[in-house]
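> Sequence and predicted structure are below.
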Amino acid sequence: MYSMRKILLLLALILAPVTLQAAVVQSFYQVQLPVAEDQPRDEVMRQALEVMLTRLGGSEALSKPERFDKALADPSTMMRRMGSTDDGGVDVEFEPAQLRELMSAARQPMLGPTRPGVMLWAVEERALGNEFLNPGGEWAEVLSAAAQHRAVALSFPLIDLQDRAEVSEEAIVEADKATLVKATERYEASAALAVHITQQTAGWKLDWNLWLDDEAGKGSISAETPEQAADELMLRVANQVFSQYAVSSASAGDLGSWIIVVDDVKGLDAFASLQRILQQLGSQVMPQLQAINGSQVRLKFDFPGSEAQLQRLLALDQRLIKAEAPAPEPEPVMPVSPAVTDPALGGETVGEGAGAETQVDGSGGSASPEPELVPAPAPEAAANTLYYRWR
């Protein structure tokens, strides 16, 4: 009988392609691990923190463990809560703010839960030939669990009539980039992952190809169990995602200040989601609300990277649609005082515009000419301001 966790996992596999709104890894700060008999509690907590640091800072985060010695010696300082899973494992939830502070102090690049969506196109070699991966089968469950563990925003295609018309089993085995990338556009995912699963005498083999933006990766994995093979595959995918999207950590003094103006933000849920998106970009300070005008909100936030990096990360959340900056306001005009001739000064010209003509009124005296209108200096363009709309 399936546990509640497995049932929810299978539901996620079925619904993910339909309800996909943003490539956000759910339960990103939550780590679940099996516990061996008589395994010390401190060792389990340390392992959980190591998994969390790898999710947030990539595999290289632990290459110099001295940067995290203090935290690894007492993982409880990073934890929000600790409980048990249905199968007797441990379930640890970490405190996001504490982790970001830890990574910033270590000057470690990091990537939050908003990540490029990865669409998995997989076939399994069977007695009668290659078959599309069964969404409710063992391999789908194992791959999904491994993706969650390694913080990969993995989704499965529907494999309906439209998918079968565009993608064949041979296209996946041969890693046909053009076909698979095109089919992935239907699901608005950023990456296409092709996997060919074969069973060997000593275990399992996974041949994989990943296309993410303009970069590609491929390899072959052999392992004794499906769990080991799936975990190694998702670790490699996570590393490629991290290498392309991670943002350098920065101290408060090195952060750049940005303004984002978002239209069509309707309701508290949308506003809270927008705040979370900005908070996950690496800043330790909550975004500051500057103005609300109907359904338009204006927020100020800090970001340690360049504008290109920022826009790339914001584009991952498909609820944010890039918009054009509004047209500049018409330039105001300012009156300029005309030049006049003062008889008391012997006809010497005073004021601005020495070449201005005077007008004579009906009494024979001189009258000041109409003020000359000249454009006012154009205001400087707002720096570091981005425009989006919410959907």
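That came through fine. Numbering: from 1, shown residues only.

> Could you pull out the helices in the stretch 51-200 of the chain for me?
Remark: helices assigned in the stretch 51-200 of the chain by DSSP state H, counting those that start in this stretch are 69-73, 96-105, 138-149, 161-166, 169-173, 177-184.

> and the longest one, what other elements does it pack with?
Other elements packing on helix 138-149 under the criterion 3 or more C-beta pairs under 8 Å, 6 or more residues apart in numbering; DSSP states H and E are helix 4-19, strand 118-126, strand 154-155, helix 226-245. To be clear about C-beta, it is placed using only N, CA and C from the backbone, and glycine gets the same treatment.

> And the fifth one, by the same measure?
With contacts taken as 3+ C-beta pairs under 8 Å, 6+ apart, helix 169-173 sits against strand 118-126, strand 129-132, helix 177-184, strand 191-200.

> which helices and strands sit right next to the third one?
By that I understand helix 177-184. By 3+ C-beta pairs under 8 Å, 6+ apart, helix 177-184 packs against strand 118-126, helix 161-166, helix 169-173, strand 191-200, strand 203-212.

> quick one on the thing from earlier: tabulate the helices of the stretch 51-200 of the chain in TSV, adding columns for mean neighbour count and distance to S222.
Output for the helices of the stretch 51-200 of the chain, formatted as TSV (neighbours: other C-beta atoms under 10 Å; distance: least, C-beta to C-beta, whole Å):
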stretch	mean neighbour count	distance to S222
helix 69-73	13	31
helix 96-105	18	33
helix 138-149	20	15
helix 161-166	12	29
helix 169-173	18	17
helix 177-184	17	23
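
> For S306, which of those is the nearest?
helix 96-105 (17.8 Å; C-beta to C-beta).

> any idea how far the residue nearest to P157 when sequence neighbours are not counted lies from P328?
Take P157 and drop its neighbours on the chain: the residue closest to it by C-beta to C-beta, 6 or more residues apart in numbering is D163, 5.2 Å away. Per C-beta to C-beta, to the nearest Å, D163 is found 47 Å from P328.

> now do A178
Where P328 is concerned, A178 sits at a distance of 43 Å (C-beta to C-beta).

> what's the helix or strand for L49?
helix 41-57 (DSSP states H and E).

> Quick one: mean pLDDT for that helix?
Helix 41-57 comes out with an average pLDDT of 95.

> mind listing what's buried in it?
Judged by neighbour count using 16 or more other C-beta atoms under 10 Å, the buried positions of helix 41-57 are 44-57.

> Now do that helix against helix 96-105, angle only.
70 degrees (axes from the mean of the first three to the mean of the last three C-alpha atoms, to 10 degrees).
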